[in-house]
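> sharing a model prediction with you, sequence too.
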Amino acid sequence: MNTTYIFEYINENEFRKLERSLKKYNMLAYKKLYFDYYPSLKEGKFLGEVVKIDKKLGTKTYELKLPTDIMFEKVHEIIKLHYIVYEKEKIVMLDKITPVDILSEGHQSELVTYKGVMVSKEHSEKDIFKINLLNMLQK
């Protein structure tokens, strides 16, 4: 018999903001998350790396790397979904999507892109320098 896990949220409003920002700035990661990873999690196929096991609470904490282009990864960091599984209760608790800072900033205001990579407003010069440096190294 198939058991279906239920999604819960630590902070649903904040998580939804991060999802919308992910959809806006990294459609590849968003589509993979929605059409591949979420259905697998609901079926009980837990993806990613176990980062913490709490035997007392009966939980496992996972980090799942989402696909993104190499330039985004090098300028900002790897996009990860963080979630906790409560196996007895059949609950997947969605925690956050990292990097929170750039995704939150992208939700609050429109971010500009430079050579196909989004640039934070707070560290725009630093991000543009990284992009230019990476492009020079690839030539």
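Perfect, I can see it now.

> look up how far residue 126 lies from residue 133.
When distances are taken as C-beta to C-beta, to the nearest Å, residue 133 and residue 126 turn out to be 11 Å apart. Using the backbone N, CA and C atoms, a C-beta is placed for each residue, glycine as well.

> overlap of the contact sets of these two?
When contacts are counted by C-beta atoms under 8 Å, 6 or more residues apart in numbering, residue 133 and residue 126 are jointly contacted by no residue.

> what about the helices in this protein?
Using DSSP state H, the helices of the chain run over 12-25, 27-32, 38-43, 70-75, 100-108, 124-138.

> where among those helices is average confidence lowest?
When the helices of the chain are compared on average pLDDT, helix 100-108 comes out lowest at a mean of 55.

> hmm, back to that, need the helices of the chain in CSV (columns: mean neighbour count and distance to residue 89).
Listed next are the helices of the chain as CSV, based on neighbours: other C-beta atoms under 10 Å; distance: least, C-beta to C-beta, whole Å:
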stretch, mean neighbour count, distance to residue 89
helix 12-25, 17, 18
helix 27-32, 16, 27
helix 38-43, 15, 14
helix 70-75, 16, 34
helix 100-108, 17, 26
helix 124-138, 13, 41
